[in-house]
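Student: this is a predicted model, with the sequence first.
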Amino acid sequence: MTKTETKPISAKLDEIESEIRKLKIMITVSFPKNSFLRAAGSWSDLDTESIKKRIYESREISLRPKVEL
């Protein structure tokens, strides 16, 4: 094939399909759906009211010395 010739459409489609397959594999490997689904609800046993209470209490504690004028 010379530079002026183009690939047949079927060859281009084959290349595109090959790239799509590679991308699907990359997505599946980098972010497995099962891991996401397993994580759903994994914090359901936490006492959210207790956590909120501790957060608000910690906001009341000052770590800086008081400024005297």
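Tutor: Good, I have the coordinates.
Student: distance from the chain centre to the longest helix belonging to the chain, please.
Tutor: Assignment by DSSP state H gives helix 9-30 as the longest helix of the chain. Here helix 9-30 shows a centroid-to-chain-centroid distance of 22 Å under the convention Cα atoms, centre = their mean, to the nearest Å.
Student: repeat that for stretch 56-68.
Tutor: Its chain's C-alpha centre and that of stretch 56-68 lie 36 Å apart, by Cα atoms, centre = their mean.
Student: where does pLDDT dip in the chain?
Tutor: Residues of the chain that meet the criterion pLDDT under 70 lie in 1-5, 29-33.
Student: pull out the buried positions in the host helix or strand of Glu57.
Tutor: Per DSSP states H and E, Glu57 falls inside helix 48-60. The neighbour-count check on helix 48-60 (16 or more other Cβ atoms under 10 Å) flags nothing as buried. Every residue, glycine included, has its C-beta placed from N, CA and C.
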